[in-house]
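In: Quick one, structure for this:
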Amino acid sequence: MRKRTMLLTGAALCALSACSLAPATALAQPAPPAAAASADDEGRGDNARATQLYREGNDAFKQKRWSDAELLYLKAWALVRSFDIAANLGEVQIQLKKPRSAATFLAFALRTAPPSTKPEQIARIRHFLDEAKAQVGVLRVRVKNVADAEVLVDGERVPEDAVKHEVYVEPGERTLVIRRAGYEDEVMRLIAAAGVTETVMPELKPKAVKAPETTGPEAKAPAVMAPMPRKAGWSSPPTVPARPEGPRTAVLIGGAATAGAAAIAGVVLTFLANANGSDADTERSRLRSAGGTGACGASDPRAGCRELSESVDDRYAFSNAAFWSFASAGAVGVGTLVYGLATRRSVPDRHVHVTPIVRASSLGIVVGGVL
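Out: Down below sits the predicted model:
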């Protein structure tokens, strides 16, 4: 049986060349699909079943029962993939407003039509294919470095045959994924426009190859580094034996805490001495203005002289206490510092020096050294 698609009448050819094509009126009785003879019974059964479904689809087509015709053609296509089934199925899907699927089937029919196909049949298929492509976006995927990459549009895998030619997509934003084993996925977001053909030429990047992990004894052996070559004139530093720390840390912490507490006490006592001194000065000025310079030296001293005397005594007491607090803080601090420096590990050129400072109104020491 010779392969052929739905025949065109002379009136249909006229309509195709001069104006728009009317598929329903242009159809003559379609012929059954052509199927290659098979040596086994299963193949012959598929061909017979596909032929029957194709004929039923043609009947539904003539009655314009497009949904029924589509279902019958799809069942026949599942059994035998021939150009005439694809051509009729594409025309039906044009009527059902499914241009993307229609373009896929019509493009297949055009590519696989045998040389014996009549020119008017080729013209009819091309006419409906152009009509479908005007309503969809067309992608041509040409991967630069991989010949058999897998293509997905919005998560749907595109048949390999379509990838080699054209991929038809609905207009709008589409997500194109190109992948192959051993390469990183290429993800592209495109805006498809109806009637527009776009060519994408990505280049897949090979995945980084991880070195195999060694599980044998060699994996556990640490790497041995060669010693760094020593320059002439270099010498190793002298080895200093480590001294046991012992109670050193506790002594340093205790000394620092004691020195800090004594310093704080000195500050507080100095504040109290200054406060009492200020009160004494105020009281002395008041008494002098009231009774002269000898107000507190008479046999009957004025009221307030006792308070003045107490304020003066408190001032000297607090001042002395502040002095000894600061002196204690300094002594403990210096002793702690000297102890810390003396008990550290000794290295060449380490030394400590203490310098006394004596002034008319103050005294102190400066401790320094090289650690």
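
In: Skip the chain neighbours and tell me the closest residue to Val138.
Out: Nearest-residue entry for Val138: Thr197, 4.1 Å, with adjacent residues in sequence omitted and distances by Cβ to Cβ, 6 or more residues apart in numbering. All C-beta spots, glycine's among them, are computed from the backbone N, C-alpha and C.

In: and the one you found, backbone torsions?
Out: With angles defined as degrees, to the nearest 10, Thr197 sits at phi -100, psi 130.

In: List the residues that contact it.
Out: Thr197 makes contact with 137-140, 166, according to Cβ atoms under 8 Å, 6 or more residues apart in numbering.

In: for this protein, longest helix please?
Out: When the chain is parsed with DSSP state H, its longest helix is helix 248-291.

In: Does anything pack onto it? Which helices or strands?
Out: Identification of packing neighbours for helix 248-291 by 3 or more Cβ pairs under 8 Å, 6 or more residues apart in numbering; DSSP states H and E yields helix 305-342.

In: Give me the buried positions along the helix it packs on.
Out: By neighbour count with 16 or more other Cβ atoms under 10 Å, helix 305-342 contains the buried residues 305, 308, 311-312, 314-315, 318-319, 321-322, 325-326, 328-330, 332-334, 336-337, 340.

In: again, but for stretch 181-201
Out: By neighbour count with 16+ other Cβ under 10 Å, stretch 181-201 contains the buried residues 183, 186, 190, 192, 200.

In: could I get those residues as TSV with distance to Asp46?
Out: Converted to TSV, the buried residues of stretch 181-201 look like this (distance: Cβ to Cβ, whole Å):
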residue	distance to Asp46
Tyr183	38
Glu186	38
Leu190	39
Ala192	36
Val200	38
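
In: Which pair of those residues spans the longest distance?
Out: Maximum pairwise distance among these (Cβ to Cβ): 24.6 Å, between Tyr183 and Ala192.

In: Give the closest residue to Ala134 in space, chain neighbours not counted.
Out: Using Cβ to Cβ, 6+ apart and skipping the chain neighbours, the partner closest in space to Ala134 is Gly195 (4.7 Å).

In: Would you agree that neighbour falls within a strand?
Out: No: using DSSP: H, G, I helix; E, B strand; the rest coil, the assignment for Gly195 is coil, not a strand.

In: What separation do you get for it and Asn276?
Out: Separation of Gly195 from Asn276 (Cβ to Cβ, to the nearest Å): 102 Å.

In: Ala261 too?
Out: 23 Å.

In: Those two - which one has more neighbours?
Out: Between Ala261 and Asn276, counted using other Cβ atoms under 10 Å, the more crowded position is Asn276 (20 against 14).

In: which phi and psi does Val158 have?
Out: Residue torsions, per degrees, to the nearest 10, at Val158 are phi -90, psi 130.

In: What pLDDT is listed against it?
Out: As summarised for this prediction, Val158 has a pLDDT of 89.

In: Count the neighbours of it for me.
Out: Neighbours of Val158 (other Cβ under 10 Å): 19.

In: show me where this structure has helices.
Out: 10-18, 23-26, 41-62, 66-79, 83-95, 99-112, 119-133, 160-163, 217-220, 248-291, 305-342.

In: buried stuff in the third one?
Out: What it means is helix 41-62. For helix 41-62, burial by neighbour count (16+ other Cβ under 10 Å) applies to 46-47, 50-51, 53-58, 60-61.

In: ditto for stretch 124-142
Out: 124-125, 127-129, 131-133, 135-139, 141.

In: from those residues, which single one is nearest Leu204?
Out: The closest of the buried residues of stretch 124-142 to Leu204 turns out to be Val141 (Cβ to Cβ; 11.6 Å).

In: how close does that closest one sit to Asn274?
Out: Counting by Cβ to Cβ, the gap from Val141 to Asn274 is 91 Å.

In: Averaging pLDDT per element, find the lowest-scoring helix or strand in this structure.
Out: Least confident element among the helices and strands of the chain, by mean pLDDT, DSSP states H and E: helix 10-18 (a mean of 33).

In: residues near Tyr168, how many?
Out: Neighbours around Tyr168, by other Cβ under 10 Å: 23.

In: my guess is it contacts Gly137, does it?
Out: Yes: Tyr168 lies in contact with Gly137 (Cβ atoms under 8 Å); the separation is 7.3 Å.
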